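Engineer: Pasting the sequence and the predicted model now:
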Amino acid sequence: MVLSRRGSGSITLASGQTLALHHRTHDEEDLPHATKKTMADHLRKYESIFTLTPQRMRMIVEAFKETLEAGLAKPDQVVPMIPTFVFGFPTGKEVGDYLAVDLGGTNLRVCLVSVQGEGKFEITQTKYRLTEEQKQDDGQKLFDFCAECLKTFVDSNLADEESGLKLPPGETLPLGFTFSYPCSQNKIDHGELIRWTKGFGAPNTEGRDVAEMFRKSLAKYELPVTLTALINDTTGTLIASSYVNPKTKIACIFGTGCNAAYMEHVKDIPKIKNLGIDDDVDMAINCEWGAFDSFEHEHLPRTKYDAIVDDTSNKPGEQAFEVTASSLHSILVVSADRTLFFICELIDEGVLFLGQNTYKLENPYVFDTAFLSLMESDPTEELLMIIGIFSHFFAVETTLAERQFFRALAMLIGRRAARLSACGIAAIVSKMGYLDEGCLVGADGSLYNVCVFSPSHKGVL
């Protein structure tokens with residue numbers, strides 16, 4: 001039967017959906033439910049599976065360090081450690097106006113950045129949504145779209161009614177192109193796409209110089225710009241974070257993908273010795289560390305739930321660290337869907353939601369990532385947000401013991417993701433000898449900023 005409700009407020013999710021919060025007006029015993037002891041027993045089982053001990057973390061850090069060294073020594077390694085040809089950190093004294101185009105996994109961003117020195121800057125930006133069709137259309141058409149959006153932005157932000165562009169005749173603005181996909185580079189303003197990731201599949205692009213393709217599109221729209229740099233988003237985060245705070249030595253992205261970048265001594269990058277670069281300078285390295293422990297699966301914890309998520313990913317076996325730690329797979333899909341796997345497992349075992357229709361819980365990807373943060377951060381004694389999630393989206397009733405279990409489960413999964421991410425950071429810190437002097441880590445990405453890393457998870461990370 002349908003239990004009556006009394007509304008207690010609402011919250012709007014990132015997806016735009018409104019979640020109503022309720023509490024019960026009928027006795028919780030109207031439907032059969034698991035006991036508090038039963039839920040506690042199952043939680044202990046999952047804690048034993050998903051708790052990452054300090055000893056295990058130290059082993060992962062050491063394996064990570066060895067993998068990073070291998071990527072610096074030879075090309076074509078699992079973690080490729082891509083040289084970016086970005087030399088050294090900013091001084092903080094840089095000034096000027098610069099354009100930037102950022103082709104991400106979901107949006108195209110166009111920015112005008114006014115760098116003012118002393119770590120200060122102003123930014124004007126516009127986002128343009130990418131359609132799934134554009135991601136699969138011909139590569140040159142994709143770059144034409146980027147150039148078209150840049151022209152729209154320039155016409156809107158750099159023009160006045162009388163004289164048109166504010167630039168003197170013949171002058172151009174420097175343009176940086178943030179291209180968040182693995183590229184092989186031998187100079188800063190060129191890059192050959194190794195492979196598409198993040199759901200892109202635009203043909204006639206892999207193996208080609210994407211900077212040159214973009215220049216062709218810029219010329220088509222007669223834009224007053226000069227493409228001066230092609231960089232990865234993680235490298236961009238490293239340089240931008242260091243400009244704001246010089247203590248920043250490492251940068252991480254937790255978004256559609258997960259990755260890290262840091263500044264390496266050229267003398268410690270054996271695979272580029274033949275280029276004759278001065279050993280005394282430093283170069284930013286784009287780790288592309290999402291592939292750590294791929295194929296062999298020797299170092300990361302791998303439960304049956306990890307294996308299920310990996311097997312159903314678009315590249316099974318290839319992005320082990322992303323799948324296990326964070327990113328689109330682990331946070332957007334894995335963390336939410338691991339929670340759903342557990343719930344469905346307990347439904348099948350006859351523990352949860354007896355006598356209730358659970359069909360809405362049995363479809364893949366129905367457990368919104370925002371639910372995890374809402375479940376963990378629910379401040380009410382009765383855990384009203386969790387009541388709202390399960391009643392509004394899945395039409396099932398819960399007891400307080402069940403809701404406490406769901407919240408503990410969300411915290412457990414998020415904590416493991418944060419600890420694994422910290423292992424990667426610790427590997428770089430240890431390798432570079434930053435432990436004694438200390439350093440800051442710049443972090444960016446939609447998941448770090450918005451979706452899943454609640455304040456407590458950020459603290460664990």
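Structural biologist: Nice, thanks for sending it over. No experiment lies behind these values; they were computed from the predicted model shown. Numbering: from 1, shown residues only.

Engineer: any idea how far His42 is from Thr324?
Structural biologist: Distance from His42 to Thr324, counting by Cβ to Cβ, to the nearest Å: 22 Å. In short, each C-beta sits where N, CA and C put it, glycine included.

Engineer: low-scoring stretches of the stretch 51-200 of the chain, by residue?
Structural biologist: 159-167 (pLDDT under 70).

Engineer: switch the cut-off to 80
Structural biologist: Within the stretch 51-200 of the chain, the segments meeting pLDDT under 80 span 105-106, 158-170, 197-199.

Engineer: what about the helices in it?
Structural biologist: 54-73, 132-136, 139-157 (DSSP state H, counting those that start in this stretch).

Engineer: Which residues does the longest one contact?
Structural biologist: I take that to be helix 54-73. If you take Cβ atoms under 8 Å, 6 or more residues apart in numbering as the criterion, helix 54-73 is touched by 77-81, 264, 268-271, 285, 287, 289, 292-293, 298-301, 419-420, 422-424, 426-428, 430-431.

Engineer: one step back: among His42 and Thr324, which residue is more densely surrounded?
Structural biologist: Comparing His42 with Thr324 by other Cβ atoms under 10 Å, the one with more neighbours is Thr324, at 27 against 19.

Engineer: Look at the spatially closest residue to that one that is not a sequence neighbour and give its secondary structure.
Structural biologist: Distance criterion Cβ to Cβ, 6 or more residues apart in numbering; nearest residue to Thr324, sequence neighbours excluded, is Leu300 at 4.8 Å. Leu300 falls in the coil class when you classify it by DSSP: H, G, I helix; E, B strand; the rest coil.

Engineer: So Leu300 versus Lys267, what's the distance?
Structural biologist: Separation of Leu300 from Lys267 (Cβ to Cβ) stands at 31 Å.

Engineer: Compare those two and say which one has the larger neighbour count.
Structural biologist: Taking other Cβ under 10 Å, Leu300 and Lys267 do not tie; Leu300 has more neighbours (21 against 13).

Engineer: ok, now which ones touch the more buried one?
Structural biologist: If you count contacts by Cβ under 8 Å, 6+ apart, then Leu300 has Ile60, Phe292, Asp293, Ala320, Phe321, Thr324, Ala325, Leu420 around it.

Engineer: Narrow those to those in helices?
Structural biologist: The helices, defined by DSSP state H, take in Ile60, Ala320, Phe321, Thr324, Leu420 from the contacts of Leu300.

Engineer: got a winner among those for most neighbours?
Structural biologist: Phe321 (29 neighbours).

Engineer: got the contact list for that one?
Structural biologist: Going by Cβ under 8 Å, 6+ apart, Phe321 touches Cys258, Trp289, Gly290, Ala291, Phe292, Asp293, Ser294, Leu300, Leu420, Gly424.

Engineer: Can you say which two of the contacts of Leu300 are spatially most distant?
Structural biologist: Ile60 and Ala320 (11.6 Å; Cβ to Cβ).

Engineer: any idea how far Cys258 lies from Ala422?
Structural biologist: Distance from Cys258 to Ala422, by Cβ to Cβ: 12 Å.

Engineer: I meant to write Thr35 there.
Structural biologist: 36 Å.

Engineer: what about these two, which has more around it?
Structural biologist: Neighbours were counted for Thr35 and for Ala422 using other Cβ under 10 Å; Ala422 has more, 20 against 12.

Engineer: a helix runs through that one, doesn't it?
Structural biologist: Yes. If the criterion is three-state DSSP, then Ala422 is within a helix.

Engineer: need the contact list for the residue lying closest to Asn245 once chain neighbours are set aside.
Structural biologist: Here the nearest residue to Asn245 in space, its sequence neighbours aside, is Leu440; by Cβ to Cβ, 6+ apart that works out to 5.8 Å. With contact set as Cβ under 8 Å, 6+ apart, Leu440 has these partners: Ser241, Asn245, Lys247, Thr248, Lys249, Ile250.

Engineer: Name the member of those residues with the most neighbours.
Structural biologist: Ile250 (25 neighbours).

Engineer: shouldn't that residue be in contact with Leu238?
Structural biologist: Yes. The criterion here is Cβ atoms under 8 Å, and Ile250 meets it with Leu238 at 7.1 Å.

Engineer: got any residues that touch both of those two?
Structural biologist: Joint contacts of Ile250 and Leu238 (Cβ under 8 Å, 6+ apart) are Ala261, Tyr262, Gly442.

Engineer: Could you list the low-confidence segments of the stretch 301-450 of the chain?
Structural biologist: Ranges of the stretch 301-450 of the chain meeting pLDDT under 80: 305-306, 308-319, 322-342, 362-373, 413-414, 445-450.

Engineer: Check for me that Ala427 belongs to a helix.
Structural biologist: Yes. Under three-state DSSP, Ala427 falls within a helix.

Engineer: how close does the closest residue to it other than its chain neighbours sit to Leu193?
Structural biologist: Of all residues not flanking Ala427 in the chain, Phe64 sits nearest, at 3.6 Å (Cβ to Cβ, 6+ apart). Look at Phe64 and Leu193: by Cβ to Cβ, they are 26 Å apart.

Engineer: follow-up on the earlier one: now the buried members of the contacts of helix 54-73.
Structural biologist: Among those, those that count as buried by neighbour count (16 or more other Cβ atoms under 10 Å) are 77-81, 264, 269, 271, 285, 287, 289, 292-293, 299-300, 419-420, 422-424, 426-428, 431.
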